[in-house]
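Novice: Curious how this folds, go ahead:
(2 chains)
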Amino acid sequence: MKIIVVGCGRIGAELANNLYKQGHQVSVVDENKNAFNNLPPEFEGRILEGDALNQDILIRAGIETCDGLAAVTNYDPLNAVVSHVAKTEFNVPVVVARNYDPKLRKLFEVFNIQVVSSTSWGAQRVEELLSDSEVRTVFSAGNGEVEVYELHIPAEWDGKKVSDLITCNECKWLAVTRAGAAILPEADTVLKTGDVLTVAATMEGISDTRKNLKSRKEG
Amino acid sequence: MFVVIAGGGRTGTQLAKYLISINHKVNLVEYRKDILSRIHKEIPTEAIFSGNPLDTDILEQADIMHANVFAATTPSDADNLALCYLVREHYGVKRTIARVNNPRNAWLFDKKFRVDVAVNQADILSRLIEEEMSLGDMMTLLKLRRGKYSLVEEKVPQNAKAVGKQIKELKLPAKCVISAVIRKGELVLPQGSTIIQADDEVLAITDSEGAKQMAELFAMPDHP
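Specialist: Coordinates of the predicted model:
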């Protein structure tokens, strides 16, 4: 595939090199030529120094025939504008933008652009790790609006029902793994110490479930 | 009318001051600290909103929902483009005006990003300079239609080619219309039969091609 990466910062350079190693034809665009130092020496894709709003630069990068474009600079308006141009003017089939400042996320929604909010996603992940070691995220859907978690059942919850632990509508139970074998749990499935309960939940759902886990430990 | 302006640099502040002076309501959004402290001295505090205009909370504080016109005058073309699209698509603002900072980006300032009027300062300035260089004593009073047409004033010297001729004999091009002649302080409404005299001040609406022909007709004979 032919892919254009706009922005050669840490994310851009890593992305461009990964795509290159997988055998894709990659062009990287950045205004600042020092940014290309972020690329490892073995990277042999194309590099173009210039403003990504400049039509000549986009055309030289191959926007008319590319299969995908990623706008991953640390400047949100630029990412949004380049993505919009790629989508509407050049009909690039897949366009993904990076949202750097979480306060500007709305902009990408208005442009209807697929977006990865690396900052909010990272902050959420760290927060989860800090707040609880018994709850682990195993999968993020969308931009982390819904996540799949593994809960390690402590001794305090031995013998209790799944529906006692999960009391919020925003949290759904998916599986109980006991001694390496998984089953689909019912509301009245009884938990045992050391079980791993897999759930899908929003932030609100998981914080409610966390509270339940803790309350029994403390009470 | 109610106008929201994003960007309080010289262009934005000047625009805000002018609009306020002719009794329009203006809200100006700016986030650069140094500029904010300057504009507080120039425009009323209640018209200034500090924050990033691309943050929808800030735009809403500035009451973008009720704006009749939005003007994007930040020094970033990406910001100006994204802003115009945002205010039209998300808030339904009827008219958008954007400043073009880098003339190379001018191709983006149209319906792609819901820009109704693009103000390309570099372009206007370069046309102006070009004219001033080639047209000698002619003075441009006003730029019309994004600088394509101008209202120009020319003082007719002694011995100019046009002196003693009727306007219809001048064979001015179609896109050049003499709209007023000022003679000894009095306004003469020009007709085809009006005879041009020395020391007349001639006002015309013209494109740049017409301005060149006018310059030739009204210039001193030894004019280069």
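Novice: okay, CA-based contacts and neighbour counts for the rest of this
Specialist: Fine.
Novice: Could you list the residues in contact with the lengthiest helix in chain A?
Specialist: Longest helix of chain A, by residue count under DSSP state H: helix A:203-218. Residues outside helix A:203-218 that contact it (C-alpha atoms under 8 Å, 6 or more residues apart in numbering or on different chains) are A:135, A:145-146, A:156-157, A:165-171.
Novice: close to chain B, is stretch A:68-83?
Specialist: Yes: judged by C-alpha under 8 Å from any C-alpha of the partner chain, stretch A:68-83 comes into contact with chain B through A:77-78, A:80-81.
Novice: List buried members of the residues you listed by neighbour count.
Specialist: A:77-78, A:80-81 (16 or more other C-alpha atoms under 10 Å in any protein chain shown).
Novice: farthest-separated two in the contacts of helix A:203-218?
Specialist: With distances taken as C-alpha to C-alpha, the most widely separated pair in the contacts of helix A:203-218 is A:E145 and A:E156, at 29.5 Å.
Novice: residues near residue 209, how many?
Specialist: By default, I'm working from chain A. For A:T209, the neighbour count with other C-alpha atoms under 10 Å in any protein chain shown is 22.
Novice: meant chain B, my bad for not saying
Specialist: Neighbours of B:E209 (other C-alpha under 10 Å): 12.
Novice: Tell me the bridge partners for A:V95.
Specialist: A:L69 (DSSP bridges).
Novice: For B:V117, name its beta-bridge partners.
Specialist: Beta-bridge partners of B:V117, as defined by DSSP bridges: B:I97.
Novice: Write down the beta-bridge partners of the nearest residue to B:K148 once chain neighbours are set aside, one by one.
Specialist: In space, and not counting its chain neighbours, B:K148 is closest to B:D207: 6.0 Å by C-alpha to C-alpha, 6 or more residues apart in numbering or on different chains. With DSSP bridges as the criterion, B:D207 is bridged to B:Y149.
Novice: for B:D207, what are its contacts?
Specialist: B:D207 neighbours (C-alpha under 8 Å, 6+ apart): B:148-150, B:175-176.
Novice: Which parts of stretch B:99-115 count as buried, going by neighbours?
Specialist: Judged by neighbour count using 16+ other C-alpha under 10 Å, the buried positions of stretch B:99-115 are B:99-102, B:105-106, B:108-110, B:113-115.
Novice: Identify those among those that sit within strands.
Specialist: Among the buried residues of stretch B:99-115, the ones falling in strands (DSSP state E) are B:99-100.
Novice: from the contacts of B:D207, which would you call buried?
Specialist: The buried subset of the contacts of B:D207 (16+ other C-alpha under 10 Å) comprises B:149-150, B:176.
Novice: who's sitting farthest from the centroid in chain B?
Specialist: Relative to the centre of chain B, the most outlying C-alpha is that of B:G164, 34.9 Å out, by C-alpha atoms, centre = their mean.
Novice: hmm, back to that, strands - which of the contacts of helix A:203-218 land there?
Specialist: Short answer: those in strands (DSSP E) are A:135, A:146, A:171.
Novice: any idea which of those is closest to A:L19?
Specialist: A:V146 (27.5 Å).
Novice: how far away is A:G23 from B:D77?
Specialist: 35 Å (C-alpha to C-alpha, to the nearest Å).
Novice: Near chain A, which residues of chain B? Just list them.
Specialist: Within chain B, the positions near chain A by C-alpha under 8 Å from any C-alpha are B:54-56, B:78-79, B:81-82, B:85-86, B:89-90, B:104-105, B:107, B:112.
Novice: now the angle from the helix or strand bottoming out on mean pLDDT in chain A to helix A:203-218?
Specialist: Sorting the helices and strands of chain A by mean pLDDT, DSSP states H and E puts helix A:118-131 at the bottom, at a mean of 78. Computed by axes from the mean of the first three to the mean of the last three C-alpha atoms, to 10 degrees, the angle separating helix A:118-131 from helix A:203-218 equals 10 degrees.
Novice: Let me know the secondary structure of the residue nearest the centre of chain A.
Specialist: Of all residues in chain A, the one closest to the mean position by C-alpha atoms, centre = their mean is A:N143, 5.3 Å from it. What DSSP: H, G, I helix; E, B strand; the rest coil gives for A:N143 is coil.
Novice: Who are the contact partners of it?
Specialist: Counting by C-alpha under 8 Å, 6+ apart, A:N143 makes contact with A:116-117, A:121.
Novice: got a winner among those residues for most neighbours?
Specialist: A:V116 (19 neighbours).
Novice: Can you tell me which residues in chain A are near chain B?
Specialist: Looking at chain B, the residues of chain A close enough under C-alpha under 8 Å from any C-alpha are A:53-55, A:77-78, A:80-81, A:85, A:88, A:103-104, A:106-107, A:110-111.
Novice: sorry, back to before: who are the packing partners of the least confident helix or strand of chain A?
Specialist: Counting contacts by 3 or more C-alpha pairs under 8 Å, 6 or more residues apart in numbering or on different chains; DSSP states H and E, helix A:118-131 is packed against strand A:135-141.
Novice: who does the strand it packs on pair up with?
Specialist: The pairing partners recorded for strand A:135-141 under DSSP bridges are strand A:146-152 (antiparallel).
Novice: Chain neighbours aside, what residue packs nearest to B:K175?
Specialist: B:T206 (5.6 Å).
Novice: ok, now B:D55?
Specialist: Spatial nearest neighbour of B:D55, chain neighbours left out: A:L104 (5.4 Å); criterion: C-alpha to C-alpha, 6+ apart.
Novice: how many neighbours does the one you found have?
Specialist: Burial of A:L104 is recorded as 18 neighbouring residues (other C-alpha under 10 Å).
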